[in-house]
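Q: Sequence and predicted structure, then a few things I'm wondering about:
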Amino acid sequence: MKKKNNITTPRNESERLIYALDIGTSKLRMAAGYVDSSKQIKLKGYLERPSVGIAQGCISDMQQVANNIALIVQDFQNKFNCVVKDVVTEVPGWLIQAENQQGTYTVASGTVTINDRNQAIKNAIAGVKFNTTDYDIIHAHPKKYQTESAERIENPIGIYARRLDVNVHVIGCNYMYKKNVDKAICMTSPNIRVNSVVYVGNAASAAVLSSGERDIGVVQIDLGDSTSSVTVFEGDSQLISFGINGGGSYITRNIAKEFSLPIEDAENLKIHCGVASPDYLNPQDLVSPITIQGNAQNGDSKEIQYGALAYVIQQSLIMMFDRFLERINTIGKQSYKSLEIGGGFVLTGGLANLPGIDRVLIERIELFKQNPAYDFLTCTPKVRLGVPSGVAIFEDACDPKVIANPDKAVVIGLMRAACFDTLHEYTGQSVTASEEPRTMWAKFVDWYNREVK
């Protein structure tokens, strides 16, 4: 007889139990796991359900989102015998601002202390140019430190110096997005709080990238349903972070427009018949027809060739990939003399499962390298699909094949990032979206809106 999965059972003092909530445009996912000091995850539970009330990665219907979160939380608690009290969730790349800033601090004692290091980082954070009223700072990633006698210092604590300099990659989350997510979760239950909000790119990278890739340079691209996030690492440092308002749904809309189809039919075509390029098809398949059944709304049946569908998808991907490469080149030039990506590109998200998508990106990288306007960026034409690594799965949590998928990178990475990617180490304050204390009256209003109205 199998022992029931009780995920509230403590493991050891070095592990933390984290609840992750991935609020995507197409899927709502929840996972829980213990994360140990070596960043290994013991997955204790996983559930997903279709998303509602989300458009372009943002809340479009607060009540629908709150109800959907309430359903998955209730199902999760019942199935895995737990009580969810706080969650970590994400912000898509197009709703962040990211900058590289330098901070300096005078070392009064002559030997760098933890306080000296933290003050240098805080001074770098204070120099950001984006409006911190509109964007809450959620990540600060120090790169190499520098003193008057040494450069590229990894850990400055205990080093003799009169001055400490540090370059910091700072990321801010759109304040209103953060507040809306917090409200939706609080409407679910006044007892559940948002513990932290993590940039999607950081979450996906935490799940799928190796330290070796980060060191020699790698571009991680998370391709979601309606948003995409791009994160660049080199020298084991995060250098560039951004997102665009476009993903799988951008391709779906292009298919719908090209063939005059309803969005639902176009999405089904992409999922069940789509490939990333006509080159991925055999010659006989190029002209093979796909029959779209007609109905009262879209009229008679129509036929579409596999090759024609693949061409539309290919052109959509080319537009997206070229936009990514151009923005990496433009943003990078503002802070660096050159950038070498030796580890290639790693794709995550649901769209990464599209057959042949790696080939299309490799072709764009090869063409990009031949353009002298982009000599700043040197890329190895290597692309792989990223699946979560370092995850042990409890026997009742889920089928291991479910987690071994690029579309699970964010929800798994959120757990790891919640432990190892916060401001607490440098500021002494945890990042939380729930800033105001909740009064009894506020809790009553939430209950009334949820249960009575």
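A: Happy to help now that I have it. On a predicted model such as this, the values are computed, not experimentally measured, just so you know. Numbers count the residues shown, from 1 in each chain.

Q: how long is stretch 144-158 end to end?
A: End-to-end span of stretch 144-158 (CA to CA, to the nearest Å): 15 Å.

Q: Buried residues, that stretch. List them.
A: Applying a neighbour-count criterion of 16 or more other CB atoms under 10 Å, one finds Lys144, Tyr145, Gln146, Thr147, Ile153, Pro156 buried in stretch 144-158. For every residue, glycine as well, the C-beta is placed using N, CA and C.

Q: What about the nearest residue to Lys337 once chain neighbours are set aside, how many residues nearby?
A: Spatial nearest neighbour of Lys337, excluding adjacent residues (CB to CB, 6 or more residues apart in numbering): Phe376 at 7.9 Å. Phe376 has 14 neighbouring residues, counting by other CB atoms under 10 Å.

Q: If I follow the layout properly, Phe376 ends up in contact with Lys333?
A: Yes: with contact defined as CB atoms under 8 Å, Phe376 counts as touching Lys333 (5.3 Å).

Q: quick one, helices of this structure?
A: 62-80, 114-126, 175-188, 200-208, 211-216, 248-259, 263-273, 283-286, 306-333, 357-369, 400-403, 409-420, 424-427, 440-451 (DSSP state H).

Q: Return the most buried member of the ones you listed.
A: helix 200-208 (a mean of 30; mean count of other CB atoms under 10 Å).

Q: And it, what does it pack against?
A: strand 86-91, strand 218-223, strand 228-234, strand 237-244, strand 345-348, helix 409-420 (3 or more CB pairs under 8 Å, 6 or more residues apart in numbering; DSSP states H and E).

Q: Now that helix - C-alpha only, PDB.
A: What follows is helix 200-208, C-alpha atoms only, in PDB (Å, rounded to 0.1, in the frame of the first residue of the first chain):
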ATOM      1  CA  VAL A 200       9.800  35.000 -16.200                       C
ATOM      2  CA  GLY A 201      13.200  34.900 -17.700                       C
ATOM      3  CA  ASN A 202      14.900  34.400 -14.300                       C
ATOM      4  CA  ALA A 203      12.500  31.600 -13.500                       C
ATOM      5  CA  ALA A 204      12.900  29.700 -16.800                       C
ATOM      6  CA  SER A 205      16.700  30.200 -16.600                       C
ATOM      7  CA  ALA A 206      16.800  28.900 -13.100                       C
ATOM      8  CA  ALA A 207      15.100  25.700 -14.300                       C
ATOM      9  CA  VAL A 208      17.000  24.900 -17.400                       C
END
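
Q: So for the residue nearest to Lys144 when sequence neighbours are not counted, what pLDDT did the model give?
A: Closest residue in space to Lys144, ignoring its immediate chain neighbours: Arg152 at 4.2 Å, by CB to CB, 6+ apart. Note for Arg152: predicted pLDDT of 88.
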